[in-house]
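> Generate coordinates for the sequence data below:
(4 chains)
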2 protein chains.
Amino acid sequence: MKSNRKANTKATRTRSRNPEATRAALVGAAVELILRQGFAATSVGQICDEAGVTKGSFFHHFDSKDAIGRAAIEWWGDFGTNLYAEAWKDAERDPLEKIGRLFAIMEGFTEHENRVCTCVVGIMSQETAQSNDELRQFACRELERWSENVGALIASAKERHCPEATFDPVALAWHLNALWQGSMLIAKTLQDPSLIRRNLSLGREWLAGFFPDDVRSRLLSSSNLNSIQTPSPNP
Amino acid sequence: MKSNRKANTKATRTRSRNPEATRAALVGAAVELILRQGFAATSVGQICDEAGVTKGSFFHHFDSKDAIGRAAIEWWGDFGTNLYAEAWKDAERDPLEKIGRLFAIMEGFTEHENRVCTCVVGIMSQETAQSNDELRQFACRELERWSENVGALIASAKERHCPEATFDPVALAWHLNALWQGSMLIAKTLQDPSLIRRNLSLGREWLAGFFPDDVRSRLLSSSNLNSIQTPSPNP
DNA sequence: GCGATAAAACCGACCGGTTGGTATGTAAAG
DNA sequence: CTTTACATACCAACCGGTCGGTTTTATCGC
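Residues are numbered from 1 along each chain as shown, chains lettered A, B, ... in the order given. From the prediction side, this is the model:
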């Protein structure tokens, strides 16, 4: 199980130090281990082994275990934002269509084989929200980032298609956030990723119901088949 | 922070052994601590302190830490089932009304002061689903119990009000399960229980949308104001 | 270009404390 | 007088974190 410490010495024989790469390796290992077994159950020794680095080096880059927890949350948040960015770029496109692409991306994310669909932010939230206020705030920030982005998307779709409607776009975004997090949690326990897809599909139809009949298809059309290929967090 | 070990020796001076009470105290302490700080972060020493029992006694009642984890999941599952039983008893009542009462109970559960609305099953799922198959199965069983019960309720409501409709009652139940779990998770991180109530309200309206207009009010009517008072898990 | 030098990157042994779990003893219950 | 329920003392393994030392790399006078 021990990883080979020579990962950065391969082929090119760089034989060089690379603090940024080391830091990235540590964060990557932490993300991987958190996804697999949770934060509390992961020791810094394990992170070091997985990253091919010693403990001395670890504590040179991070003050504490909590510190790498924060870094893992941030890394995951950025990873997700980049992933979703594909959906809301393109200023021309109809925001409803963008939301459809967002759903397609999420659906695509459930289809990685050999990798259960889980979320660092959800895991860290569950484990630390009540016992470590600093980590709680970091997780909170990422949850808010998601809901704000999706809320803004829904708001602009509303503005374009039914500005007179009374629903609250941000509230709908939080609803979807909870559905997404809860679906990942339950699918992990049932060992059945298809549950996420069914729930996302229901969520998509639910959201479409808030918009006029004639534009709903723009949200419902983009399937996950021709969707953007979602990258795996750690190659 | 140390609890007084004399909890069972108070006043009455029972001075007697009571294995069932000891076991219950241990499970109660475990549930409490899991809700507060998670399973991995909870040590058996802590559980013993909180229960006013020594370690020797703990390992007389439970083979391992995992064993009390299983007991905690089961206890919580039974606690929840008893809580919800209020909703689906009464064979006479319209099942749609029962579902309304179910929502009212869940909403009531978010309103305990000094106690964040969390779920042992959700916490254990998050922490152990991928690293401990036995605990995963226990959590799985409780999630299934919830969805089966709620699914049966929705199915009988469908049977009565719109047997020709095409929706899948069990799929809707899983959707609500995910919404419920995800809402508790996010509300804990945002430290804002009102998010759960907003999401439950949206969920209620969503579910009502599957039934004919003239009966929807039976699902939407029962508010959380006059609802059944939900007990706190550990008095 | 070139050494000199200091700072940054990294190593691995080590520390006190805590962990889940055990061995043994004792007292109450039946 | 045996069985069950609990207490006490203890253990090896592991935890997060420290520390002194070594190697690499960036900087700078020359």
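
> who's in contact with the spatially most central residue of chain A?
In chain A, the centroid-proximal residue (C-alpha atoms, centre = their mean) is A:Gly80; its distance is 4.1 Å. Contacts for A:Gly80 (C-beta atoms under 8 Å, 6 or more residues apart in numbering or on different chains) come out as A:121, A:142, A:146. C-beta: built from backbone N, CA, C; applies to glycine.

> so can I have a markdown table of those showing secondary structure and neighbour count?
Below are the contacts of A:Gly80 laid out as a markdown table (DSSP: H, G, I helix; E, B strand; the rest coil; neighbours: other C-beta atoms under 10 Å in any protein chain shown):
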| residue | secondary structure | neighbour count |
| --- | --- | --- |
| A:Val121 | helix | 26 |
| A:Glu142 | helix | 23 |
| A:Trp146 | helix | 20 |
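
> And those residues, which is closest to DNA strand D?
Distance to DNA strand D, by C-beta to the nearest atom of the strand, is smallest for A:Val121 among the contacts of A:Gly80, at 19.7 Å.

> Excluding sequence neighbours, find me the nearest residue to that closest one.
Among residues not flanking A:Val121 along the chain, A:Glu142 sits closest, at 4.7 Å (C-beta to C-beta, 6 or more residues apart in numbering or on different chains).

> Give me the distance between the one you found and A:Ile73.
A:Glu142 is 6 Å from A:Ile73, where distance means C-beta to C-beta, to the nearest Å.

> between these two, what contacts are shared?
With contacts defined as C-beta under 8 Å, 6+ apart, the residues adjacent to both A:Glu142 and A:Ile73 are A:Val121.

> all helices for chain A, in order.
Counting by DSSP state H, one finds helices in chain A at the ranges A:19-37, A:44-51, A:55-61, A:65-88, A:95-109, A:120-128, A:133-161, A:169-190, A:194-208, A:216-220.

> would CSV of the ones you listed with mean pLDDT be doable?
Formatted as CSV, the helices of chain A follow (pLDDT from 0 to 100):
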stretch, mean pLDDT
helix A:19-37, 96
helix A:44-51, 98
helix A:55-61, 97
helix A:65-88, 95
helix A:95-109, 95
helix A:120-128, 98
helix A:133-161, 97
helix A:169-190, 98
helix A:194-208, 98
helix A:216-220, 95
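
> how about those helices, which one is nearest B:Thr166?
Nearest to B:Thr166, of all those, is helix A:194-208, at 12.4 Å by C-beta to C-beta.

> now that closest one: how far from the chain's centre is it?
How far helix A:194-208 lies from its chain's middle: 18 Å, per C-alpha atoms, centre = their mean, to the nearest Å.

> Show me what that helix is in contact with.
Contacts of helix A:194-208 (C-beta under 8 Å, 6+ apart): A:99-100, A:103, A:106-107, A:110, A:117, A:154, A:172, A:176, A:179-180, A:183-184, A:186-187, A:216, A:219-220, A:224, B:171-172, B:174-175, B:178, B:206.

> List buried residues within the residues you listed.
Buried residues within those, counting neighbours by 16 or more other C-beta atoms under 10 Å in any protein chain shown: A:99-100, A:103, A:106-107, A:110, A:117, A:154, A:172, A:176, A:179-180, A:183-184, A:186-187, A:216, A:219-220, A:224, B:171-172, B:174-175, B:178, B:206.
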